[in-house]
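S.K.: Any chance you could fold what I've pasted below:
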Amino acid sequence: MDDEDNSSLTLHDALDDKLRVHYFKGYLAAFAQAIKSEPF
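M.R.: Reported below is the predicted structural model:
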């Protein structure tokens, strides 16, 4: 996931970080679910 120092990647390839996007989508979905289910 830490490819910012990899000079062999093109800018497009460096920005096309599906693994990181998938991780953060899952994290935010779980966070939203926790907020919805938390009794305040």
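S.K.: Out of the helices and strands in this protein, which is least certain?
M.R.: helix 11-15 (a mean of 84; mean pLDDT, DSSP states H and E).
S.K.: Return that one as CSV; C-alpha atoms alone will do.
M.R.: This file holds the C-alpha atoms of helix 11-15, laid out as CSV (Å, rounded to 0.1, in the frame of the first residue of the first chain):
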residue,chain,number,x,y,z
LEU,A,11,0.7,8.7,-11.8
HIS,A,12,-2.4,6.9,-13.0
ASP,A,13,-1.2,3.6,-11.5
ALA,A,14,-0.2,5.2,-8.2
LEU,A,15,-3.6,6.9,-7.9
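S.K.: Just after that helix, pick out the following helix or strand.
M.R.: helix 18-37 (DSSP states H and E).
S.K.: That next one packs against which elements?
M.R.: On a contact count with 3 or more C-beta pairs under 8 Å, 6 or more residues apart in numbering; DSSP states H and E, helix 18-37 meets no helix or strand. (Each C-beta comes from the backbone N, C-alpha and C, glycine too.)
S.K.: Show me how far it is from its chain's centre.
M.R.: Offset of helix 18-37 from its chain centre (C-alpha atoms, centre = their mean, to the nearest Å): 9 Å.
S.K.: for stretch 31-39, same thing?
M.R.: Taking C-alpha atoms, centre = their mean, one finds stretch 31-39 lying 20 Å from the centre of the chain it belongs to.
S.K.: Appreciated, that's everything.
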